[in-house]
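Chemist: need a 3D model of the sequence below.
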Amino acid sequence: MTQTHQELVNRISSLSVEKLNIVMTFVHFIETQKSKEESFDNHIKRTKKPLTESRGVFKGKIWMSDDFNDELEDMREYM
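Modeler: Okay, here's the model as predicted:
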């Protein structure tokens, strides 16, 4: 057991039952956060595609109206 582990055990052993419950809740929180981070990282690694595979995915799906740059009727008095 490392010195850090031993120090932690010594400090925890003097806590009240109520505080021990708080420590256990916090430890559980830390454990679940780590597993969520790991699963998210693994998800990103599995689903991330190289940039070259992503190019052109919207080709033909986006268009602009021919009059996109024309003045708007409502704005003529301000221009």
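
Chemist: from now on I want contacts and neighbour counts done on CA atoms only, so please keep to that.
Modeler: OK.

Chemist: for the record, mean pLDDT for the longest helix belonging to the chain?
Modeler: Counting residues, the longest helix found in the chain (DSSP state H) is helix 17-47. For helix 17-47, the mean per-residue pLDDT is 79.

Chemist: how many residues are close by residue 25?
Modeler: Residue 25 has 12 neighbours, counted by other Cα atoms under 10 Å.

Chemist: check contacts around it.
Modeler: Not one residue lies near residue 25 by Cα atoms under 8 Å, 6 or more residues apart in numbering.

Chemist: what's the end-to-end length of stretch 56-65?
Modeler: Taking Cα to Cα, to the nearest Å as the measure, stretch 56-65 stretches 20 Å from start to finish.

Chemist: do the same with stretch 9-18
Modeler: End residues of stretch 9-18 are separated by 17 Å (Cα to Cα).

Chemist: how far away from the center of its chain is it?
Modeler: 34 Å (Cα atoms, centre = their mean, to the nearest Å).

Chemist: contacts for that stretch, please.
Modeler: With contacts defined as Cα under 8 Å, 6+ apart, stretch 9-18 is touched by residue 20.

Chemist: that'll do, ta.
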